[in-house]
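**Q** pasting the structure only:
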């Protein structure tokens with residue numbers, strides 16, 4: 001089984017200038033864990049995940065240690081959300097992204113996902129994003145392959 005047979009081709013990625021607020025709407029609307037960041041030619045520049053957004057939006061353990069009351073300070077959270085939502089995606093994206101090619105074996109994608117402890121892997125061909133593969137895609141592939149008939 002090859003990556004190309006099971007990858008998700010549905011999301012083309014976002015521009016590095018996309019705001020984090022726009023990205024959050026996109027992630028929630030399409031039930032995505034993250035999205036690739038690409039230039040105008042679909043060349044992969046990075047990736048941004050819900051975890052990246054959560055780290056930007058919520059107070060860190062250090063902040064909470066210094067100011068335990070932040071948990072209940074709704075004005076602080078609202079101000080922070082507005083500030084973070086206005087920032088561009090490239091201010092928080094991960095630039096060192098593991099990738100895989102569409103002709104690679106599906107098990108290799110699973111091994112990379114597991115080794116890197118990530119929930120999705122951009123599929124890149126000749127430097128351009130062509131899809132994403134996730135553990136869910138791999139599970140579906142093996143479930144389907146193991147069914148009789």
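**A** Cool, the structure landed. What you are looking at is a predicted structure, and each value in this text was computed from that prediction instead of being measured.

**Q** measure residue 29 to residue 67 for me?
**A** Plainly put, residue 29 is 33 Å away from residue 67 if you go by Cβ to Cβ, to the nearest Å. All C-beta spots, glycine's among them, are computed from the backbone N, C-alpha and C.

**Q** okay, now residue 6: neighbour count?
**A** Look at residue 6: counted by other Cβ atoms under 10 Å, it has 21 neighbours.

**Q** right, and it touches residue 136 too?
**A** No - judged on Cβ atoms under 8 Å, residue 6 makes no contact with residue 136 at a distance of 9.8 Å.

**Q** shared neighbours of those two, which are they?
**A** Residues touching both residue 6 and residue 136 (Cβ atoms under 8 Å, 6 or more residues apart in numbering): there are none.

**Q** and residue 29 and residue 67? which has more neighbours close in?
**A** residue 67 (12 against 8).

**Q** relative to residue 59, how far out is the more buried one?
**A** For residue 67, the distance to residue 59 equals 8 Å [Cβ to Cβ].

**Q** so residue 35 is in contact with residue 12, correct?
**A** No - judged on Cβ under 8 Å, residue 35 makes no contact with residue 12 at a distance of 9.1 Å.

**Q** counting neighbours, go ahead and name the busier of those two.
**A** Taking other Cβ under 10 Å, residue 35 and residue 12 do not tie; residue 35 has more neighbours (25 against 12).
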